[in-house]
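Trainee: Quick one: sequence plus predicted model below, questions after.
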Amino acid sequence: MSVSIRNLEFGFNGKPIFRDFGIDLAEKKITAMLGPSGCGKTTLLRLIGGLLIPQAGTITGTGGGVSFVFQEPRLLPWYTVLENIMLPIEKSLGKAGAEKRARRFLEIVSLAGKEKSYPNELSGGQKQRVSVARAFAYPSNLILMDEPFQSLDIPLRIQLMDTTLSLLAEEPRTLIAVTHDPRESLYLGERIVVLGSAPRGIIFDEPISIPRGERAYHSPKTGELEARLIGVLSGELLQQ
Ligand SMILES: Nc1ncnc2c1ncn2[C@@H]1O[C@H](COP(=O)(O)OP(=O)(O)OP(=O)(O)O)[C@@H](O)[C@H]1O
């Protein structure tokens, strides 16, 4: 089921962030979301994920469970890598089922062999891979990522985006990835949405038609769209 937001109103302390905001997110598609700092990207993810309640309007299609991936991995340090992934799914799948699924997802993120490690024994990139595997192991329809690659250097970002694409190939989901990096949005997204300064709402919304095989983190194929995105984002900064 697609996620549908209609006539959304939301603000903090009387200051509007979303005013008559609407968007439809097609099922099993990847939307990359950009926008100037403070425009409401995180707030929108929290509204979609049910962590905040709209002050008016509706958000539908989120019933099948939601997984979050944050900028920092948020692993439980006293549990092993395997246990961190098993915990959210153990209740519904039972111990054996959860372990099987957790091992499968660890393998997809290339961390087979690290099952018994503790988070503090892993590198930053490895920890974030566990966090992404945990989000996908949870059988949600919707995955919300809030700048998940921000703290990693570029080769690791690319590796983690490839990992995310492998996970999506294994089990397609509707995914929203918030990012500050136009190149990241062009590498990962199937659609790019830019929010303007609050409460302007959507100021750019386009599908990416360049085939995945022809994209790179920085390539001539995506250069024209990247330049337009930077133009849109710079325009917003000048208005702030
Ligand atoms: N709990 C809160 N209480 C009051 N104001 C808040 C709260 N959370 C966010 N805000 C404000 O709402 C606005 C939108 O914040 P949000 O974190 O959604 O922006 P963002 O686009 O994700 O920013 P960034 O790119 O810097 O992470 C900001 O002005 C922020 O200060």
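Mentor: Yep, that arrived.
Trainee: Now do the same contact list for D20.
Mentor: Listed by CB atoms under 8 Å, 6 or more residues apart in numbering, the contact set of D20 reads 7-9, 57, 201. C-betas here are computed from N, CA, C, even on glycine.
Trainee: Count residues in the vicinity of P172, would you?
Mentor: Residues lying near P172 (other CB atoms under 10 Å) number 13.
Trainee: ok, so what distance separates the spatially closest residue to I53 that is not a sequence neighbour from I23?
Mentor: Among residues not flanking I53 along the chain, L47 sits closest, at 7.8 Å (CB to CB, 6 or more residues apart in numbering). With the distance defined as CB to CB, to the nearest Å, L47 ends up 11 Å from I23.
Trainee: the more surrounded of these two?
Mentor: It is L47, of L47 and I23, that has more neighbours when counted by other CB under 10 Å, with 23 against 20.
Trainee: element containing the more buried one?
Mentor: With secondary structure defined by DSSP states H and E, L47 is part of helix 41-48.
Trainee: For that helix, give me every contacting residue.
Mentor: 3, 5, 8, 10, 12, 17-18, 33-35, 52-54, 59, 62, 66, 68, 142, 144, 146, 176, 178, 195.
Trainee: avg pLDDT for it?
Mentor: Averaged across helix 41-48, the pLDDT comes to 97.
Trainee: I'd like the distance from it to the chain centre, please.
Mentor: Relative to its chain's centre, helix 41-48 lies at 11 Å (CA atoms, centre = their mean, to the nearest Å).
Trainee: What are the contacting residues of whichever helix or strand comes after it?
Mentor: Per DSSP H and E, the first helix or strand lying C-terminal to helix 41-48 is strand 56-60. Residues from elsewhere that reach strand 56-60 (CB under 8 Å, 6+ apart): 1, 3-9, 20-22, 47-48.
Trainee: Swap in 6 Å and give it another go.
Mentor: Outside strand 56-60, the residues that touch it by CB atoms under 6 Å, 6 or more residues apart in numbering are 4-9.
Trainee: The helix or strand that contains M145 to helix 41-48, inter-axis angle?
Mentor: Assigned by DSSP H and E, M145 belongs to strand 142-146. Angle of strand 142-146 versus helix 41-48, following axes from the mean of the first three to the mean of the last three CA atoms, to 10 degrees, is 160 degrees.
Trainee: Quick check, central residue of the chain?
Mentor: In the chain, the centroid-proximal residue (CA atoms, centre = their mean) is M145; its distance is 2.2 Å.
Trainee: Give me the local confidence score for the residue located most distally from the centre of the chain.
Mentor: Of all residues in the chain, A96 has its C-alpha farthest from the mean position, at 28.5 Å, by CA atoms, centre = their mean. Here, the pLDDT recorded for A96 equals 97.
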